[in-house]
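Undergrad: Could you look at this predicted model? Sequence included:
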Amino acid sequence: MGTVILFTIGGGVSILGIWSNIFSMVIFYKLGLKDSMSVELFALSLTDLLVALVQFVSCTFYIIGILYPDSSLDIWSLTTLAFG
């Protein structure tokens, strides 16, 4: 039961990370990518966005696997196949 709570919290944190990184990328783009620091921070936000997306998908697949244990499809193996 503790892992379900952990993955639920992880999913919530990843949603927060997705929205905040999209917000940061929009701000950096509107300010202009004129100097190297702006480009680096934009790239950092993009990379962090991708990590948050992977974490969200992983948490979602884990929770679906817990909710439907009798499914003929092994949901958790899809996560390791896609991201492993």
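TA: Now that the structure is in, tell me what you want to look at. Residues are numbered from 1 along each chain as shown.
Undergrad: Could you list the low-confidence segments of the chain?
TA: The model of the chain has pLDDT under 70 over residues 1-4, 76, 78-84.
Undergrad: Which single helix of it contains the most residues?
TA: helix 36-67 (DSSP state H).
Undergrad: What is that one packed up against?
TA: For helix 36-67, the elements it packs on are helix 2-31, helix 75-83, judged by 3 or more Cβ pairs under 8 Å, 6 or more residues apart in numbering; DSSP states H and E. C-beta here means a position set from N, CA and C on the backbone, and glycine is covered the same way.
Undergrad: quick one: contacts for the nearest residue to residue 32 once chain neighbours are set aside?
TA: Distances taken as Cβ to Cβ, 6 or more residues apart in numbering put residue 38 closest to residue 32, at 6.9 Å, once the chain neighbours are dropped. Residue 38 makes contacts with 28, 31, 32, as judged by Cβ atoms under 8 Å, 6 or more residues apart in numbering.
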